[in-house]
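A.B. asks: my questions are about this predicted structure, shown below with the sequence.
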Amino acid sequence: MSGFSFSKLKKAKPSMRRRLFLYMGALAALLLVTLFAVLLLLGQLKSPREELAKTLTFRMEAFQSDMESLWRNVSVIGTHLSEDMTAILEEQTADLSDLNGDADAVERLEDAMLEPLCQYVRQADCSGAFVMLNTSLVSNTESFSGLYVQRSNAAHTTSGLLLYRGMADIGRQHGVMPHRKWAQEFDLSEFPGFAEHLKTASVPIERDCRTTSLLTLPDTSERAILLTVPMLGEDGTVYGLCGFAVNQTYFSSHHVQPSGINRLACILSDSAEGLDVSKGLLTYPADGFCFVPDELLTKRNLREGLTAFTGTELSFVGLSQPFMAASGDIEPHALTVLIPKRDYGRLLLKSKLEIGGLLILLMFFGVVCCLFYTRRYFTPILEDIDHVTAAGGEAGNPFFEELLPLSDKLRVHERTITDLETERQDLRGQMEQAEANAKRLAQKRKGEIDPEEYHVFLSSYQKLGAESRAVIDAMVDGVSAQVLAEQLGKKMSTVYSYRRDIYGKVGIQGENKLQQLRVRVSLMRREQRMASLDNDSSAASAGKNAEDPANQ
């Protein structure tokens with residue numbers, strides 16, 4: 001039987017070891033999975049591309065909202081401009097064709113139009129405004145009379161105005177100085193799309209507002225996008241075009257984008273296969289800048305909806321989407337937000353390092369927990385299994401598989417009892433020392449109290465009733481009046497009266513009455529305990545002498 005049991009235990013031992021290690025591995029896996037899930041829920045392990053896509057999408061939404069507000073504003077004001085300019089023109093002449101070659105009539109018309117046009121420039125979200133009339137002072141079919149006024153400093157809305165197209169004398173009379181690249185009339189070849197819009201102009205004019213592609217203003221380096229609105233008579237006669245301009249300086253100064261990304265560029269450009277930066281308006285965050293070269297950037301789709309923009313020297317990562325600036329646009333523009341690809345790579349590297357650090361921390365935490373549980377629980381169990389195996393094999397003692405033998409449990413209990421006894425002896429010595437210290441302290445306190453006053457207190461205390469003694473004990477032990485009232489079944493006012501009367505009954509006067517009471521009661525209790533101990537010692541000695549025959 002013993003041999004059979006011992007062989008069975010030997011077979012059970014590896015199984016137990018294996019199970020313990022499996023339990024430890026399962027615990028480690030559970031800890032890692034739990035922490036990993038918590039980090040996922042807290043959003044600490046999200047894909048960096050996904051996070052960047054969300055950030056750029058938020059920037060794109062803000063940029064799109066700003067652009068919609070801009071072009072909605074200029075479209076509405078452009079409609080009013082068209083109506084006002086048409087009314088002035090019809091007031092000045094019954095037939096626009098009569099103005100061809102008539103400098104005086106054109107001068108009078110421009111004189112009437114210039115001041116209202118300047119007011120519209122100051123009110124609208126634009127860098128300039130223009131009125132192009134379907135008439136000319138020369139025989140060239142590509143030349144049209146009109147006015148074009150723009151801000152002298154597009155970065156400041158309070159700056160003066162310059163005359164870019166129109167009669168110089170009329171501008172000077174109204175305090176609008178001619179631009180250094182001034183010209184008297186419009187050349188349609190320099191303004192792409194104007195001729196087409198003149199031919200296709202129709203009512204309602206609010207639905208026929210169009211934006212041009214980005215163009216460079218003639219004889220300047222200033223790039224701008226123009227909003228054109230037809231001027232139509234009640235009979236459908238096309239008098240010309242009017243509208244507003246938004247140039248690069250005004251766009252970058254007055255449409256700064258709110259963003260936590262410093263190196264960010266927002267671009268309004270023509271829609272094309274790639275991103276033609278040379279045909280777009282750029283703006284940046286308030287405290288940031290991102291250099292984007294004037295070239296065609298090729299597009300390539302990335303994961304998470306991002307797009308790579310690659311140039312000859314620099315590359316970028318961002319988002320792009322079509323955008324209809326005006327209701328009459330034939331083709332949409334494109335809105336693009338992008339950051340340098342180098343910054344994108346740094347974000348990916350930083351995110352990977354953070355995730356790697358978190359995973360290492362998780363692994364470290366799991367290993368530490370496993371080591372702790374191994375040292376605290378598994379190792380003692382394995383050692384006990386070895387001990388059970390050795391005891392069963394050598395002595396044949398009864399044992400239960402995976403449990404300690406009863407004898408081992410008893411030995412553990414004996415050791416525990418021994419330890420408790422040792423602790424008891426130590427505590428007894430500490431108590432004796434404390435008693436000695438208390439005795440010395442009591443003697444010291446007793447010496448500080450007038451013996452006669454203490455004698456009066458003792459005699460008075462003996463005459464008190466049980467209820468008064470209970471109140472004194474509660475006062476000495478720190479029991480609150482509310483608790484004492486509940487214990488005695490009295491009102492709190494009654495308890496307060498008891499406490500005031502007690503001082504007079506036991507002869508305590510002066511300041512710190514409660515402290516005096518506590519000292520006297522402590523001394524009294526001390527003397528009572530000492531007397532009790534002396535009586536017990538005397539009784540024990542008398543009993544011992546009665547049993548000892550030698551003393552008889």
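C.D. replies: Cool, the structure landed.

A.B. asks: report the contact partners of the residue nearest to Leu314 when sequence neighbours are not counted.
C.D. replies: In space, and not counting its chain neighbours, Leu314 is closest to Pro293: 6.1 Å by C-beta to C-beta, 6 or more residues apart in numbering. C-beta: built from backbone N, CA, C; applies to glycine. Contact analysis of Pro293 by C-beta atoms under 8 Å, 6 or more residues apart in numbering lists Val277, Gly311, Thr312, Glu313, Leu314.

A.B. asks: secondary structure class of the fourth one, three-state.
C.D. replies: Local secondary structure at Glu313 is given as coil here, using DSSP: H, G, I helix; E, B strand; the rest coil.

A.B. asks: okay, it: pLDDT?
C.D. replies: In this model, Glu313 is scored at 90, pLDDT.

A.B. asks: now it: how far from Pro293?
C.D. replies: Noted for Glu313: a distance of 7 Å to Pro293, by C-beta to C-beta, to the nearest Å.

A.B. asks: repeat for the first one
C.D. replies: In this view, Val277 and Pro293 are 7 Å apart by C-beta to C-beta.

A.B. asks: likewise for Thr55?
C.D. replies: Looking at Thr55 against Pro293, where the rule is C-beta to C-beta, the gap reads 24 Å.

A.B. asks: helix, strand or coil: sort out Thr158 for me.
C.D. replies: In the three-state summary, Thr158 is assigned as coil, counting by three-state DSSP.

A.B. asks: equivalent analysis for Val292, please.
C.D. replies: Of the three states, Val292 takes coil under three-state DSSP.

A.B. asks: contacting residues around it?
C.D. replies: Contacts for Val292 (C-beta under 8 Å, 6+ apart) come out as Ala265, Ile267, Val277, Leu282, Leu314, Phe316, Leu338.

A.B. asks: out of the residues you listed, who's the most crowded?
C.D. replies: Leu338 (27 neighbours; other C-beta atoms under 10 Å).

A.B. asks: excluding sequence neighbours, find me the nearest residue to that residue.
C.D. replies: Ranked by C-beta to C-beta, 6+ apart and with sequence neighbours excluded, the top spatial neighbour of Leu338 is Gly318, at 2.9 Å.

A.B. asks: what strands line up against the helix or strand hosting the one you found, and which way round?
C.D. replies: Counting by DSSP states H and E, the element that carries Gly318 is strand 315-323. Using DSSP bridges, the strands paired with strand 315-323 are strand 307-310 (antiparallel), strand 333-340 (antiparallel).

A.B. asks: nearest to Arg165, of those strands?
C.D. replies: When the strands paired with strand 315-323 are ranked by proximity to Arg165, the top entry is strand 333-340, at 24.8 Å, counting by C-beta to C-beta.

A.B. asks: right, and Leu348 touches Pro48 too?
C.D. replies: Yes: Leu348 is within contact range of Pro48, at 5.1 Å (criterion: C-beta atoms under 8 Å).

A.B. asks: show the contacting residues for Thr93.
C.D. replies: Residues Leu99, Ala105, Leu109 are the ones in contact with Thr93 under the rule C-beta under 8 Å, 6+ apart.

A.B. asks: which of those tops the neighbour count?
C.D. replies: Going through the contacts of Thr93 with other C-beta under 10 Å as the criterion, the one with the most neighbours is Leu109, at 26 neighbours.

A.B. asks: what mean pLDDT does the lengthiest helix in the chain get?
C.D. replies: Selection of the longest helix in the chain by residue count, based on DSSP state H, yields helix 48-92. When the per-residue pLDDT values of helix 48-92 are averaged, the result is 92.

A.B. asks: please state the offset of that helix from the chain centre?
C.D. replies: Centroid separation for helix 48-92 versus its chain: 32 Å, with C-alpha atoms, centre = their mean, to the nearest Å.

A.B. asks: following element in sequence after that helix, please.
C.D. replies: On the C-terminal side of helix 48-92, the nearest following helix or strand under DSSP H and E is helix 103-123.

A.B. asks: give the buried residues for that next one.
C.D. replies: Of the residues in helix 103-123, those buried by neighbour count under the rule 16 or more other C-beta atoms under 10 Å are 105-107, 109-114, 117-118, 120-121.

A.B. asks: quick check: Leu217 vs Ala481, distance?
C.D. replies: Where Ala481 is concerned, Leu217 sits at a distance of 93 Å (C-beta to C-beta).

A.B. asks: and if you look at Gln487?
C.D. replies: If you go by C-beta to C-beta, the gap between Gln487 and Ala481 works out to 11 Å.

A.B. asks: tally up the residues packed near Ala531, please.
C.D. replies: A total of 10 residues lie near Ala531 under the criterion other C-beta under 10 Å.

A.B. asks: so it is in which element?
C.D. replies: Counting by DSSP H and E, the element that carries Ala531 is helix 513-547.

A.B. asks: model confidence over that helix, on average?
C.D. replies: Per-residue pLDDT values across helix 513-547 average out to 71.

A.B. asks: now the strands for the stretch 351-500 of the chain?
C.D. replies: Counting by DSSP state E, counting those that start in this stretch, one finds no strands in the stretch 351-500 of the chain.

A.B. asks: my guess is Lys505 contacts Gln462. True?
C.D. replies: No: the criterion here is C-beta under 8 Å, and Lys505 misses it with Gln462 at 11.3 Å.

A.B. asks: neighbour count winner among those two?
C.D. replies: Neighbour count, other C-beta under 10 Å: between Lys505 and Gln462, Lys505 has more, with 15 against 8.

A.B. asks: skip the chain neighbours and tell me the closest residue to the more buried one.
C.D. replies: Ser460 (5.7 Å).

A.B. asks: residues near Val33, how many?
C.D. replies: 12.

A.B. asks: and the pLDDT at it?
C.D. replies: In the predicted model, Val33 carries a pLDDT score of 76.

A.B. asks: go on, Leu458?
C.D. replies: Confidence at Leu458, expressed as pLDDT, is 79.

A.B. asks: what of the one 3 residues further on?
C.D. replies: According to the prediction, Tyr461 has pLDDT 81.
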